[in-house]
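J.: one predicted model, sequence on top.
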Amino acid sequence: MISWRAGTVVSRGREWPGAVELVVRAEDGDELRALAHPPLVGEPAVGDRVLLNVTAQARGLGTGGYAMVVALPDALPPDRPAGPGHLVKARYTPLQTMVLGVDEQESPHHEALRTADDLAGLPVVVADLHSALPAVIAGARHAAARAGTGMPRVVYVMTDGGALPAWFSRSVAGLRDAGWLAACVTVGQAFGGDLEAVTVHTGLLAARHVLDADLVVVTQGPGNLGTGTRWGFSGVAAGEVVNAAETLGGRAVASLRVSGADPRERHLGVSHHSLTAYGRVALAAADVVVPVEDATSPLEGVEDRAALLARVREQAASLCAPRGRHRAVEVPAGEPLRAALAQCPVGLSTMGRGLEADPEPFLAAAAAGVHALALTG
């Protein structure tokens, strides 16, 4: 099912690289929040007619509650000049776009990547949700500050399980502006990164051999698809990323999806998404980072945290030796780590809950960043 509306731009709102918020008055008089990606559809101005896809908005689903601008019928963007690159992403959709892949023949980096096959121990933090990205980096930077070392050069490899355009992510834009993120590589059908790559494998290799990353974070773009079944969720790809990292000689660090406030039993403690992706899909070994209470600086204001962390430890144990293939790494996650998260330059939110409402998802991701930083030496 696809739902369409047509209307006129009333006003422009927030802007970030590759995206702009709009208020659109539909033909029936309703006002809709809309999102346009100017690199795809052109630059919308007040008064322009727009064609909107409102499918997800009509169902109350993701995309931030936005209608998506498909076209400006009276203000089509000019054709881009012919140039290098023949990777088509969002293939065979009306908005398919052609980009220059870092790994293709016309790329100046093709020769460097043509036979590249080794990440040389590069730490690769793998997470299910896009919301883990800023928390992982916050943890790594916190660890670097405590160790008195330089801040790590972090590269984000964005997979195509959520949003396809990296432009949709305000987190990526904010982290770049703050100097926390060196670059973004979009892989698979995702596009809009600083570099484009065909696969997770070449995206990881580009992070190492082209962007000189100290550590890499791999998650899907904003958004997550789940069906309440064991296998029907987009984060299952996290297990495949572990395989790719280990195959290429990287050090896979598995960030657990943890919650202390999710009302759904399957996501309480360690989410079943992590248990399936790392326990069933990942065939290579990873460091599974288990957040534990910080004996010197316990987390304040969180009731029954000891019971929650005991549950997390027990669930994580099913993934790790001797019963599983992974290596358990316990990292203290207390007040210092929460204070580091509070200094994050972008908002922290997962499943509609922020740091105060549910600190555990962010602390678990930050703990993975702490461990990854230790591996950079």
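T.: Perfect, I can see it now.

J.: and the one helix or strand V288 maps to, how far out from the chain's middle?
T.: Assigned by DSSP states H and E, V288 belongs to strand 287-292. Computed by CA atoms, centre = their mean, to the nearest Å, the chain-centroid distance of strand 287-292 equals 19 Å.

J.: so which elements touch whichever helix or strand comes after that strand?
T.: The helix or strand immediately downstream of strand 287-292 is helix 305-317, counting by DSSP H and E. Helices and strands touching helix 305-317, by 3 or more CB pairs under 8 Å, 6 or more residues apart in numbering; DSSP states H and E, are strand 269-270, strand 287-292, strand 327-332. Heads up, the C-betas are built off the backbone N, CA and C, glycines and all.

J.: now the last one and strand 287-292, what's the angle there?
T.: In other words, strand 327-332. Between strand 327-332 and strand 287-292, the angle formed by their directions is 30 degrees, by axes from the mean of the first three to the mean of the last three CA atoms, to 10 degrees.

J.: what residues of strand 327-332 count as buried?
T.: Residues of strand 327-332 classed as buried under the neighbour-count rule (16 or more other CB atoms under 10 Å) are R327, V329, E330, V331, P332.

J.: what's the following helix or strand after that strand?
T.: For strand 327-332, the succeeding helix or strand toward the C-terminus, using DSSP H and E, is helix 335-342.

J.: mind listing what's buried in that next one?
T.: Residues of helix 335-342 classed as buried under the neighbour-count rule (16+ other CB under 10 Å) are L337, R338, A340, L341.

J.: same deal with stretch 308-317?
T.: By neighbour count with 16+ other CB under 10 Å, stretch 308-317 contains the buried residues L308, L309, V312, R313, Q315, A316.

J.: for those, which one is nearest E111?
T.: A316 (42.1 Å; CB to CB).

J.: for the closest one, give its distance to V289.
T.: A316 sits at a distance of 9 Å from V289 (criterion: CB to CB, to the nearest Å).

J.: and for V23?
T.: As for V23, its distance to V289 is 43 Å (criterion: CB to CB).

J.: same question for A333.
T.: Remark: distance between A333 and V289 (CB to CB) = 9 Å.

J.: could you name every residue contacting both of the two?
T.: Shared between the contact lists of A333 and V289 (criterion: CB atoms under 8 Å, 6 or more residues apart in numbering) are residues A364, A367.

J.: output the below-cut-off pLDDT ranges for this structure.
T.: Under the criterion pLDDT under 70, the flagged ranges of the chain are 62-64.

J.: look up the closest residue to the residue nearest the centre of the chain, ignoring the ones flanking it.
T.: Most central residue of the chain, judged by C-alpha distance to the mean C-alpha position with CA atoms, centre = their mean, is H130 at 3.0 Å. Nearest residue to H130 in three dimensions, chain neighbours excluded: P222, at 4.7 Å (CB to CB, 6 or more residues apart in numbering).

J.: H201 too?
T.: For H201, ignoring the flanking residues on the chain, the nearest one in space by CB to CB, 6+ apart is A244 at 5.2 Å.

J.: which residues are in contact with the one you found?
T.: For A244, the contacting residues are T199, V200, H201, L204, by CB under 8 Å, 6+ apart.

J.: before we move on, what about Y92?
T.: Counting by CB under 8 Å, 6+ apart, Y92 touches no other residue.

J.: dihedrals phi and psi, it?
T.: Reported as degrees, to the nearest 10, the phi and psi values for Y92 are phi 60, psi 20.

J.: distance-wise, check it relative to Q189.
T.: For Y92, the distance to Q189 equals 10 Å [CB to CB].

J.: next: G174.
T.: When distance is defined by CB to CB, G174 is 24 Å away from Q189.

J.: got it, and G269?
T.: Per CB to CB, G269 is found 32 Å from Q189.

J.: correct me, but R5 touches V69?
T.: No - the pair formed by R5 and V69 falls short of the contact definition of CB atoms under 8 Å, at 10.7 Å.

J.: overlap in contacts, these two.
T.: Jointly contacting R5 and V69 under the rule CB under 8 Å, 6+ apart are V24, L52.

J.: who has more neighbours, the two?
T.: More crowded of R5 and V69, by other CB atoms under 10 Å: V69, with 25 against 19.

J.: tell me what the more buried one is bridged to.
T.: Beta-bridge pairing of V69, defined through DSSP bridges, involves L52.
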